[in-house]
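S.K.: Predicted model and sequence follow; I will ask about them next.
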Amino acid sequence: MRRMFAAAAIAALATGALRAQAPLPARSAEPFKLGTFDLDGEDRLGLVLRDRFVVDLHAANRALERDPVYPKIPMPADMLELIGRYEYGLKYRLYEIVGYLAAENRIERARPAYVHDAARVRALAPIKYPTKMLNAAVNYYGHISETATPEEQRKAQEERRRDRGIPYLFHKTTVGAIIGNGDPIVMPYGRDRMDWEVELGVVIGRAARYVPAARAADHIFGYTIHLDMSDRGGRPPGGFQGVDWYVGKGHDTFAPLGPWIVPKEFYGDPMNVRQTLTVNGQTMQDHRSSDMIHNIYELIEYASSISTLFPGDVVNAGSGAGVGMGTAVRGEQVFLKPGDKIVATIEGIGTLTHEVVAGPRPAHWEGDRGTGSALPPVRSYRR
């Protein structure tokens with residue numbers, strides 16, 4: 001980490017020395033998004049322009065450096081490094097790359113070989129992987145008491161408006177759970193109550209510790225889409241039978257992320273954006289972030305009062321109404337099944353599309369003890 005920032009500092013000093021007569025661009029020629037993509041079988045960083053083109057960042061930078069006007073700036077190895085260096089000078093090199101491509105419309109006409117059609121490029125999870133990912137539980141008024149009667153839900157919402165309390169955050173698994181756009185979501189064997197939640201993902205850009213809500217925006221890098229997949233089936237039988245967030249939220253593939261990240265300077269107001277989710281073409285969720293109980297800045301304040309948030313960490317802001325276990329929107333519970341197609345969109349960011357597939361039966365389990373809403377007995381995990 002120290003070497004990364006040292007390299008960034010040296011690059012920034014070199015840039016300042018060489019560009020003394022020509023100021024760095026104060027803004028990008030046009031907005032862009034950032035992601036990690038499979039290009040020629042390798043994981044590479046890419047700039048997304050106009051939602052239609054993916055620019056291989058390393059190749060574009062090498063091409064720019066052939067012009068002696070531009071100093072040599074080392075490119076980050078991955079998204080975590082990019083985020084950590086962005087506000088320390090790296091963003092100006094990205095602005096230069098975009099400016100070069102936008103000039104004379106090189107993006108669409110006579111475009112370089114390092115500019116690819118986004119539709120033909122596989123988007124991977126943009127961050128591989130955050131040191132931590134935190135999710136807000138019940139952070140939308142519309143999501144309060146979704147299994148209650150309309151009258152009970154209304155009363156619960158009124159009570160919460162009178163006393164919002166403090167946020168509730170929980171850890172979401174990262175490695176193993178985070179997948180990219182188009183990757184299958186695996187329904188664990190023996191489970192049949194898989195649920196969905198589309199959420200605004202807030203990507204941290206600068207380390208945050210005891211940051212007040214009024215200054216939290218300074219620590220945000222950008223925004224992405226997160227699907228907080230849930231297993232509503234409860235704990236296996238036997239032993240402690242309280243709420244188990246690990247069983248409910250921790251399965252592999254239960255944290256789709258992406259398809260890319262929008263840097264905050266290109267996003268506008270994150271507290272008034274539309275979020276939708278469909279299953280097999282049927283709209284399940286349709287809400288705006290303005291329905292949040294605790295806004296994203298309050299979530300960062302609370303999270304940073306407990307542990308340091310580092311560049312690349314993700315704080316997911318919670319789900320609105322319309323989850324599968326809820327009855328408030330559709331009048332009945334609906335859970336996912338293999339073959340279902342989920343499409344989640346957040347205004348100004350993009351769309352995640354995933355298919356649910358059945359997970360394999362573990363070979364070492366003793367018979368088919370896992371049925372319905374219960375995992376197999378704990379003893380069946382023993383070899």
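M.R.: Looks like it came in fine.
S.K.: can you count the residues close to residue 215?
M.R.: Applying other CB atoms under 10 Å, we find 12 residues neighbouring residue 215. C-beta: built from backbone N, CA, C; applies to glycine.
S.K.: ok, it to residue 167 distance?
M.R.: According to CB to CB, to the nearest Å, residue 215 stands 17 Å off from residue 167.
S.K.: same thing with residue 34?
M.R.: Counting by CB to CB, the gap from residue 34 to residue 167 is 27 Å.
S.K.: Got the phi and psi for residue 270?
M.R.: phi -70, psi -10 (degrees, to the nearest 10).
S.K.: scratch that, residue 80 is what I was asking about
M.R.: Given degrees, to the nearest 10, the pair of backbone angles that residue 80 has is phi -60, psi -40.
S.K.: Quick check, pLDDT for it.
M.R.: Per-residue confidence at residue 80 stands at 98 (pLDDT).
S.K.: From what I see, it and residue 311 are in contact.
M.R.: Yes. Counting by CB atoms under 8 Å, residue 80 does reach residue 311; the two are 6.8 Å apart.
S.K.: Between the two, which is the more surrounded one?
M.R.: The neighbour comparison of residue 80 against residue 311 (other CB under 10 Å) goes to residue 311, with 25 against 20.
S.K.: quick one, what contacts the more buried one?
M.R.: Neighbouring residues of residue 311 by CB atoms under 8 Å, 6 or more residues apart in numbering: 80, 83, 84, 204, 205, 206, 207, 221.
S.K.: Quick check on those residues: which are buried?
M.R.: With burial judged by 16 or more other CB atoms under 10 Å, the buried subset of the contacts of residue 311 is 80, 83, 84, 204, 205, 206, 221.
S.K.: residue ranges with poor pLDDT in the protein?
M.R.: Applying pLDDT under 70 to the chain flags residues 1-23, 365-383.
S.K.: which two from the buried ones among the contacts of residue 311 end up farthest apart in space?
M.R.: 80 and 206 (13.2 Å; CB to CB).
S.K.: could you pull out the helices for the stretch 51-200 of the chain?
M.R.: Remark: helices assigned in the stretch 51-200 of the chain by DSSP state H, counting those that start in this stretch are 57-65, 79-85, 91-102, 150-162.
S.K.: got it, and the stretch 201-350 of the chain?
M.R.: With DSSP H, counting those that start in this stretch as the criterion, the stretch 201-350 of the chain has helices spanning 245-249, 296-304.
S.K.: Pick the most deeply packed of the ones you listed.
M.R.: Each of the helices of the stretch 201-350 of the chain was scored by mean neighbour count; the highest is helix 296-304, a mean of 22, by mean count of other CB atoms under 10 Å.
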